[in-house]
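predicted model follows, preceded by the sequence.
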Amino acid sequence: MQILTFEHQPIIEIDRLAGIHHVTVFKQPGSKYLLARVVLMDDLFHYQYPFRLPDLFKVDLTDQKLTNYENLVRVESIRTLSSKDVEKLFHIREFFNTYKISNQKIKEIKQIFINIFQQCQLIEDEGLLIPNRSRINIHNLTTSNISDGIILYEKFSI
């Protein structure tokens, strides 16, 4: 990550995130919003449905950069949350099999998923555990009860 200054406006550049090749975050003079230029892999770029995404890549200049596993979990969350379905299926066991993650890291990565679910304001507080579809509040998730996965529901604001 590089932090540059342009006309007294901080510009943050991040390279080599999983699935996201390059991100530049900047603020235009006179605007109250941050803008981002994102270079994505083809599968994300050509996605044809509209979607809202939480800020999973918050930039805190005091923190160290995200680990590769944190980036993988965030990209998986973006992929799942950007689906056109109201049901957002997080197949966590399949995620581990896809990326060949060691047993030592599995608990740590499950906790990253849980943190994202609990902080994401775009999903309902109630979800269904996979495979038995038992109802659970996302604030009661543990690394042992999401082993197979969870179904979350998009929150619609009226």
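All right, it came through fine. What you see is a predicted model; the values in this text were computed from it and never measured. Numbering: from 1, shown residues only.

looking at this structure, which helix or strand is least sure?
Within the chain, judged by mean pLDDT, DSSP states H and E, the helix or strand with the poorest mean is strand 2-6; its value is a mean of 47.

what's the spacing between residue 133 and residue 117?
17 Å (Cβ to Cβ, to the nearest Å). The C-beta positions use only the backbone N, C-alpha and C, and glycine is treated the same way.

more neighbours, those two?
Legend: neighbour count by other Cβ atoms under 10 Å for residue 133 and residue 117, higher for residue 117 (20 against 9).

residues in contact with that one?
123, 127, 138, 141, 150, 152 (Cβ atoms under 8 Å, 6 or more residues apart in numbering).

just residue 146 next, same as before
The neighbours of residue 146, taking Cβ under 8 Å, 6+ apart as the test, are 90, 92, 110, 113-114, 129.

and residue 114, its phi and psi?
Dihedral pair for residue 114: phi -60, psi -50, per degrees, to the nearest 10.
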